[in-house]
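Colleague: Provided below are the primary sequence and the corresponding predicted coordinates.
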Amino acid sequence: FDVAVLTRWEALGAGWSNILSESSLLALLALLIGVGLVALFAGYLTEPLQRITTQVKDFGIGQLNQELVLPVEAPGEIGKLARAFSRLVTDLQDNQARTENIVAHSVDGMIVINEVGEIVSFNRAAEKIFDYQRSEVIGRNVKILMPTQDAQKHDQYLDFYRYRGEASVIGKGREITAVKKGGDEFYVEMSVSEFYQGETRYFGATVRDISEQRRAKIELLRQKETLEFALDGGGLGIWQWNIPGERFEFCARASGMVGLTPATMNRPNFDWYELVDPSQRERVIDSLLNYVRGIAERTQLEFRMLHTDGHYVWVQHTFKVSRRDSLGVPVEVVGIQQDITDRKRHELALEERTDKLELAESVAEMGHWSVDLRTNKLHWSEGVFRIYGIDPEWGEPELEDAIEFYHPDDRAVVEAAVNSAIEENK
């Protein structure tokens, strides 16, 4: 009995064992199938993500010019992510193209160097300015564009800025000497800025060829020096009249003629007409106004101005319209002022002597005449006109005709006396 019972339990255990073995195999098979499906699904999910990661990584290290291939047609979130990255990269490419076009077509030269001075960007304007092609300078040190004395110091400047933060040119515009490909030196206006791309530092320079402006400036300075020399030699001063602003400006030489300075005479509330002799003031004002209005053509005035020490000086103003508006209306007059006090003093003295001589001749019933041998111009005093009974309004006769006023018997004597005087004074 015991044997029979044992046999039954053994048979039952063996059945269960077989059942369990078959179940384990089925479970293991199901697990393997599940793992495979998971792996297949994971590969289906991760493969597009890996492609996106690779493409974006390449673009992230500066390869924006290559074609971007993303699984934009993929369903679900993967496709949305791919399309979002695609739009982002398209925007980046557009921005890069726009920036490159701006740099390439800029009228100013644009040069970018790295921290050790190697050129990494060189636009078309820079090519034209320096006569280098871009391919000839990329990767080379920027010192090739500098004169020897500046090139020798450039590395030192970069070191000082890298390690000490000492910048002498960053953010400043200045005029310097540069060197073309052929070795010719010329002047440029340059401004330098600093920027970072990621963790890499760069320096950008905007360069403009100012050779023509420099030559024009030098020529202008030369002309100014020549003008100053001429004004000094002639004792001349310059003034300007801003007609719309109703302002006069006098240079130091012009204001100094009356003992003042430009700071005083050029004040907005200073009326220089107050310095003009009151007896001449209205004439001076009217003459200037009539000139700019086109009523009068006179461009020269002589009048007296009050000096700060109390005496009057004679000045001569010679002027002309220097600028007009779009309608042709004068807006600026420039003038030259000259101190003619000495000349006026001599003229007045001569007039006084002439008046006295005319008076003496009138009393003595005498006259005098003279001849300008350079022009053969004959001059008669009023006494001569009176002697011959001729109206002075008729004017003097020609030199050849004057001999006719003498008696025929005396003409030879007169001619001989005149010729002798000429010979003695040659």
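Modeller: Arrived safely, thanks for sending.

Colleague: Is G204 bridged to anything, and to what?
Modeller: Listed beta-bridge partners, G204: V112, S193 (assigned using DSSP bridges).

Colleague: pretty sure it is touching S193, no?
Modeller: Yes - using Cβ atoms under 8 Å, G204 makes contact with S193 at a distance of 5.1 Å. Backbone N, C-alpha and C define where each C-beta goes, glycine included.

Colleague: can you pull out the strands in the protein?
Modeller: In the chain, the segments counted as strands under DSSP state E are 109-114, 119-122, 173-179, 185-197, 200-209, 236-242, 247-250, 300-306, 312-324, 330-339, 369-372, 377-380.

Colleague: Of those, which shows the lowest average pLDDT?
Modeller: Across the strands of the chain, strand 369-372 has the smallest mean pLDDT, namely a mean of 80.

Colleague: center of the chain - which residue?
Modeller: Nearest to the mean C-alpha position of the chain, counting by Cα atoms, centre = their mean, stands Q213 at 7.8 Å.

Colleague: what about stretch 261-279, distance to the chain center?
Modeller: Here stretch 261-279 is found 34 Å from its chain centre; the criterion is Cα atoms, centre = their mean, to the nearest Å.

Colleague: and T341, how many neighbours?
Modeller: If you count neighbours by other Cβ atoms under 10 Å, T341 ends up with 17.

Colleague: show me what contacts it?
Modeller: T341 is in contact with V313, W314, counting by Cβ atoms under 8 Å, 6 or more residues apart in numbering.

Colleague: Give me the distance between it and R323.
Modeller: T341 sits at a distance of 31 Å from R323 (criterion: Cβ to Cβ, to the nearest Å).

Colleague: E175 too?
Modeller: The value you get for E175 to R323, if Cβ to Cβ is used, is 29 Å.

Colleague: what's the answer for F303, then?
Modeller: Here the distance between F303 and R323 works out to 25 Å (Cβ to Cβ).

Colleague: Who has more neighbours out of these two?
Modeller: In terms of neighbours (other Cβ under 10 Å), F303 is the more surrounded of F303 and R323; the figures are 18 against 12.

Colleague: Identify the residue spatially nearest to the more buried one, adjacent ones excluded.
Modeller: Taking Cβ to Cβ, 6 or more residues apart in numbering as the measure, F303 lies nearest to Q280, with 4.4 Å between them; neighbours along the chain are not counted.

Colleague: what about that neighbour, how many neighbours?
Modeller: The local packing of Q280 (other Cβ under 10 Å) involves 16 other residues.

Colleague: Pull the number of nearby residues for E189.
Modeller: Applying the criterion other Cβ under 10 Å, we find 16 residues in the vicinity of E189.

Colleague: show me what contacts it?
Modeller: Contact partners of E189, counting by Cβ under 8 Å, 6+ apart, are G173, R174, E175, V207, R208, I210.

Colleague: Surely the third one is in contact with I210?
Modeller: It stands for E175. Yes - in this structure E175 lies within contact range of I210 using Cβ under 8 Å: 6.6 Å.

Colleague: When the two are compared, which one has more neighbours?
Modeller: Looking at E175 and I210 with other Cβ under 10 Å, you find the greater number of neighbours at I210, namely 17 against 12.

Colleague: Just the local confidence number for that one, please.
Modeller: 91.

Colleague: Distance of it relative to V284?
Modeller: Shown here: I210 relative to V284, a distance of 45 Å by Cβ to Cβ.

Colleague: one step back: save the strands of the chain as JSON lines, and put in distance to R353 too.
Modeller: Shown next, in JSON lines, are these (distance: least, Cβ to Cβ, whole Å):
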{"stretch": "strand 109-114", "distance to R353": "73"}
{"stretch": "strand 119-122", "distance to R353": "81"}
{"stretch": "strand 173-179", "distance to R353": "62"}
{"stretch": "strand 185-197", "distance to R353": "62"}
{"stretch": "strand 200-209", "distance to R353": "66"}
{"stretch": "strand 236-242", "distance to R353": "29"}
{"stretch": "strand 247-250", "distance to R353": "35"}
{"stretch": "strand 300-306", "distance to R353": "21"}
{"stretch": "strand 312-324", "distance to R353": "19"}
{"stretch": "strand 330-339", "distance to R353": "23"}
{"stretch": "strand 369-372", "distance to R353": "14"}
{"stretch": "strand 377-380", "distance to R353": "15"}
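
Colleague: between those, which gets nearest to E358?
Modeller: The closest approach between E358 and any of the strands of the chain, judged by Cβ to Cβ, belongs to strand 377-380 at 11.7 Å.

Colleague: In its sheet, which strands sit next to that closest one, and in what direction?
Modeller: Strand 377-380 sits in its sheet next to strand 369-372 (antiparallel), going by DSSP bridges.

Colleague: How far away from the center of its chain is stretch 339-350?
Modeller: How far stretch 339-350 lies from its chain's middle: 46 Å, per Cα atoms, centre = their mean.
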